[in-house]
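K.L.:
give me coordinates for this.
(one chain, ligands or ions: 1)
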Amino acid sequence: LGPSVQSDQPAGDAVRMDPFADTLRRLREAFSAGRTRPAEFRAAQLRGLGRFLQEHKQLLQEALAQDLHKSAFESEVSEISITQSEINLALRNLRAWMKDEKVPKNLATQLDSAFIRKEPFGLVLVIAPWNYPVNLTLVPLVGALAAGNCVVLKPSEFSRSTEKVLAEVLPRYVDQSCFAVVPGGPQETGQLLEHKFDYIFFTGSPRVGRIVMSAAAKHLTPVTLELGGKNPCYVDDDCDPQTVANRLAWFRYFNTGQTCVAPDYVLCSPDTQERLLPALQSAITRFYGEDPRSSPNLGRIISDKHFQRLRGLLGCGRVAIGGQSDESERYIAPTVLVDVEETEPVMQEEIFGPILPIVNVRSLDEAIDFINRREKPLALYAFSNNKQVVKRVLAQTSSGSFCGNDGFMHLTLDSLPFGGVGASGMGSYHGKFSFDTFSHHRACLLRCPGMEKIYSIRYPPYSPRKLRVL
Ligand code: NAD
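P.N.:
Numbers count the residues shown, from 1 in each chain. Okay, the predicted model is just below:
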């Protein structure tokens with residue numbers, strides 16, 4: 001087998017109809033033979049993944065620059081080093097995570113052994129999006145390998161250069177009897193999904209999440225769905241506008257706004273909006289210069305389709321900052337929209353680009369009501385100098401994650417689970433949560449073979465005396 005599995009193999013009809021059958025059979029055989037179970041094997045795969053990252057850092061950075069015009073800084077912070085820390089954490093804790101977890105016992109099982117065993121599921125499929133094409137492909141892979149699974153990796157076809165590196169170079173660093181990369185788009189993913197997997201980990205849009213979940217349901221395959229949506233950001237009157245604007249601008253325009261946890265829109269009073277606008281303008285100018293188009297720190301939109309969609313959204317409300325675009329390089333300036341109506345497209349769909357609408361609310365209650373009338377978001381943010389305000393937003397809403405007084409800094413903590421709730425997804429990962437996600441938690445009780453006389457009290461014929469003893 002080659003380093004990656006292409007679906008257009010020039011072979012007989014059977015292979016053409018089911019191009020992945022041989023690969024999946026090979027991976028299943030390796031799993032059944034117990035190849036991926038030993039801790040040493042898992043650690044070797046993780047070390048291989050680490051070597052891949054380090055030895056090909058520059059190649060990955062170049063690919064990310066080609067795909068997204070991503071700066072070396074953003075590539076390092078949000079793609080490479082974050083993946084490397086996940087690998088390091090898994091390597092440090094692998095044996096502890098794999099250990100059987102002893103559980104409390106009752107009177108009837110005092111002489112027995114009761115524990116939870118973390119078992120690999122078997123053959124797992126990881127499907128990734130294009131916006132953080134290294135991080136969102138490899139961080140789940142770390143969890144899947146650490147948990148002892150065989151893995152089929154399906155990167156996004158949109159981040160073409162990164163997909164190529166992952167398909168052509170990565171397999172040299174991971175045991176190929178247990179691992180395969182499948183490049184391609186909906187057609188290849190659809191063909192893969194016809195097969196039975198033991199677990200599917202999907203990151204992407206709610207639309208495709210539904211397709212994946214329906215396909216998984218046919219085989220009763222469990223899934224994690226890491227989806228998107230509209231993340232609200234409440235800004236209280238009691239705040240320092242420049243501090244809020246710096247943080248808001250950084251995490252809205254990071255990766256050109258193509259971030260699932262970026263704040264999708266701001267909720268604040270008209271007064272706060274007036275104080276926030278010059279502060280946002282100042283932050284944008286300091287970060288990206290007078291002409292953001294020439295800034296090496298601002299990326300580009302991934303595809304023509306997304307560019308056209310985003311350019312359409314620039315027509316909503318009124319442009320207060322930015323608003324320029326250039327189709328030839330898929331450039332959209334860091335933009336702030338005001339006077340936006342709830343019914344306009346920019347407030348109906350996930351923006352996923354460098355556009356930040358501000359919606360006015362008259363009070364904290366109205367903001368909370370606005371948030372709760374919509375689907376539960378992946379992330380929710382609240383800025384206020386008043387801790388009680390932040391705590392109220394936290395207490396009276398629901399979201400996959402929450403961060404008070406900053407952007408996605410909570411993602412830097414591998415001690416926190418990362419995942420959605422409701423329409424923003426199900427399941428979570430990062431750190432030990434990844435290991436647990438990719439492990440079946442098997443309930444085990446090893447009974448003592450003797451003591452039959454005492455245990456026989458449970459057998460029929462039942463009598464009032466036996467009932468009293470219970
Ligand atoms: P997408 O759903 O279009 O694609 C994701 C993956 O699914 C890709 O690998 C793609 O090839 C595959 N795919 C696309 N259409 C398919 C089909 N019809 N059948 C089977 N597979 C198909 O998502 P995207 O555009 O790559 O990424 C953007 C979306 O992902 C946004 O909604 C964003 O919020 C979300 N996202 C979520 C997270 C998270 O961690 N929760 C992270 C990043 C992105």
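K.L.:
which residues in the stretch 51-200 of the chain form strands?
P.N.:
Per DSSP state E, counting those that start in this stretch, the stretch 51-200 of the chain carries strands over the ranges 101-102, 113-120, 123-127, 150-154, 179-181, 199-203.
K.L.:
okay, these in TSV with mean neighbour count and distance to L60 next?
P.N.:
The way it works is simple: take the backbone N, C-alpha and C, and place the C-beta from them, glycine included. As requested, the strands of the stretch 51-200 of the chain are exported to TSV (neighbours: other C-beta atoms under 10 Å; distance: least, C-beta to C-beta, whole Å):
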stretch	mean neighbour count	distance to L60
strand 101-102	11	36
strand 113-120	17	28
strand 123-127	26	18
strand 150-154	26	15
strand 179-181	24	14
strand 199-203	26	18
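K.L.:
possible to save those as JSON lines with mean pLDDT and distance to the ligand?
P.N.:
Shown next, in JSON lines, are these (pLDDT from 0 to 100; distance: least, C-beta to the nearest ligand atom, whole Å):
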{"stretch": "strand 101-102", "mean pLDDT": "98", "distance to the ligand": "27"}
{"stretch": "strand 113-120", "mean pLDDT": "98", "distance to the ligand": "23"}
{"stretch": "strand 123-127", "mean pLDDT": "98", "distance to the ligand": "5"}
{"stretch": "strand 150-154", "mean pLDDT": "98", "distance to the ligand": "5"}
{"stretch": "strand 179-181", "mean pLDDT": "98", "distance to the ligand": "12"}
{"stretch": "strand 199-203", "mean pLDDT": "98", "distance to the ligand": "5"}
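K.L.:
now those in TSV, with distance to G48?
P.N.:
Formatted as TSV, the strands of the stretch 51-200 of the chain follow (distance: least, C-beta to C-beta, whole Å):
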stretch	distance to G48
strand 101-102	28
strand 113-120	18
strand 123-127	16
strand 150-154	13
strand 179-181	10
strand 199-203	20
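K.L.:
relative to G257, which of those strands is closest?
P.N.:
Comparing the strands of the stretch 51-200 of the chain by their distance to G257 (C-beta to C-beta), the top pick is strand 199-203, with 17.5 Å.
K.L.:
check which element follows the closest one along the chain.
P.N.:
helix 206-218 (DSSP states H and E).
K.L.:
who are the packing partners of that following helix?
P.N.:
helix 186-193, strand 199-203, strand 223-226 (3 or more C-beta pairs under 8 Å, 6 or more residues apart in numbering; DSSP states H and E).
K.L.:
most tightly packed of the ones you listed?
P.N.:
Looking across those with neighbours counted as mean count of other C-beta atoms under 10 Å, the highest average goes to strand 199-203: a mean of 26.
K.L.:
tell me how far that strand is from the chain's mean position?
P.N.:
Strand 199-203 sits 10 Å away from the centroid of its parent chain (C-alpha atoms, centre = their mean, to the nearest Å).
K.L.:
next: stretch 44-55.
P.N.:
For stretch 44-55 - counting by C-alpha atoms, centre = their mean - the centre lies 21 Å from the chain centre.
K.L.:
next, the buried residues of that stretch.
P.N.:
Of all the residues in stretch 44-55, those buried under the rule 16 or more other C-beta atoms under 10 Å are Q45, L46, G48, L49, G50, F52, L53.
K.L.:
excluding chain neighbours, what is closest to E74?
P.N.:
N255 (6.2 Å; C-beta to C-beta, 6 or more residues apart in numbering).
K.L.:
so that neighbour sits in a strand?
P.N.:
No. According to DSSP: H, G, I helix; E, B strand; the rest coil, the state of N255 is helix, so it is not within a strand.
K.L.:
does it touch L68 like I think?
P.N.:
Yes. Counting by C-beta atoms under 8 Å, N255 does reach L68; the two are 6.9 Å apart.
K.L.:
overlap in contacts of these two?
P.N.:
Residues touching both N255 and L68 by C-beta atoms under 8 Å, 6 or more residues apart in numbering: N131, G299.
K.L.:
what residue in the chain comes nearest to the ligand?
P.N.:
G228 (1.9 Å; C-beta to the nearest ligand atom).
K.L.:
show me what from the stretch 51-200 of the chain comes close to the ligand.
P.N.:
127-131, 136, 154, 156-157, 185-186, 189-190 (C-beta under 6 Å from any ligand atom).
K.L.:
actually, the stretch 201-350 of the chain.
P.N.:
So far as C-beta under 6 Å from any ligand atom goes, the stretch 201-350 of the chain lies against the ligand at T203, G204, S205, V208, I211, E226, L227, G228, C260, E350.
K.L.:
can you select the buried ones from the residues you listed in ChimeraX?
P.N.:
To isolate the buried ones among those in ChimeraX, judged by 16+ other C-beta under 10 Å, type:
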select :203,204,205,208,211,226,227,228,260,350
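K.L.:
which two among the residues of the stretch 201-350 of the chain next to the ligand are spaced furthest apart?
P.N.:
Between all members of these, the farthest pair (by C-beta to C-beta) comes out as I211 and C260, at 17.9 Å.
K.L.:
now do the contacts for D238.
P.N.:
S384, N385, N386, V389.
K.L.:
switch the cut-off to 6 Å
P.N.:
S384, N385, N386 (C-beta atoms under 6 Å, 6 or more residues apart in numbering).
K.L.:
secondary structure and distance to the ligand added to those residues, as TSV?
P.N.:
TSV is the format used below for those (DSSP: H, G, I helix; E, B strand; the rest coil; distance: C-beta to the nearest ligand atom, whole Å):
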residue	secondary structure	distance to the ligand
S384	coil	26
N385	coil	30
N386	coil	30
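K.L.:
of those, closest to A90?
P.N.:
Closest to A90, out of all of the contacts of D238 and judged by C-beta to C-beta, is S384, at 36.7 Å.
K.L.:
how about low-confidence regions in the stretch 351-470 of the chain?
P.N.:
By pLDDT under 70, the stretch 351-470 of the chain has no low-scoring segment.
K.L.:
what does it put close to the ligand?
P.N.:
Near the ligand, when you scan the stretch 351-470 of the chain using C-beta under 6 Å from any ligand atom, you find F352, L378, G420, G425.
K.L.:
wait, the second one touches S424, no?
P.N.:
Yes. L378 sits in contact with S424 when judged by C-beta atoms under 6 Å, with a separation of 3.9 Å.
K.L.:
common neighbours of the two, please.
P.N.:
G229, G400.
K.L.:
can you select the buried ones from the residues of the stretch 351-470 of the chain next to the ligand in ChimeraX?
P.N.:
This is how ChimeraX selects the buried members of those, with burial counted by 16+ other C-beta under 10 Å:
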select :352,378,420,425
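K.L.:
possible to save the residues of the stretch 351-470 of the chain next to the ligand as CSV with secondary structure?
P.N.:
Output for these, formatted as CSV (three-state DSSP):
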residue, secondary structure
F352, coil
L378, coil
G420, coil
G425, strand
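K.L.:
and of the residues of the stretch 351-470 of the chain next to the ligand, the nearest to L314?
P.N.:
Comparing these against L314 with C-beta to C-beta places F352 closest, at 13.9 Å.
K.L.:
residues contacting the closest one?
P.N.:
Q258.
K.L.:
minimum pLDDT in the residues of the stretch 201-350 of the chain next to the ligand, which residue is that?
P.N.:
Among those, G228 carries the weakest pLDDT, at 92.
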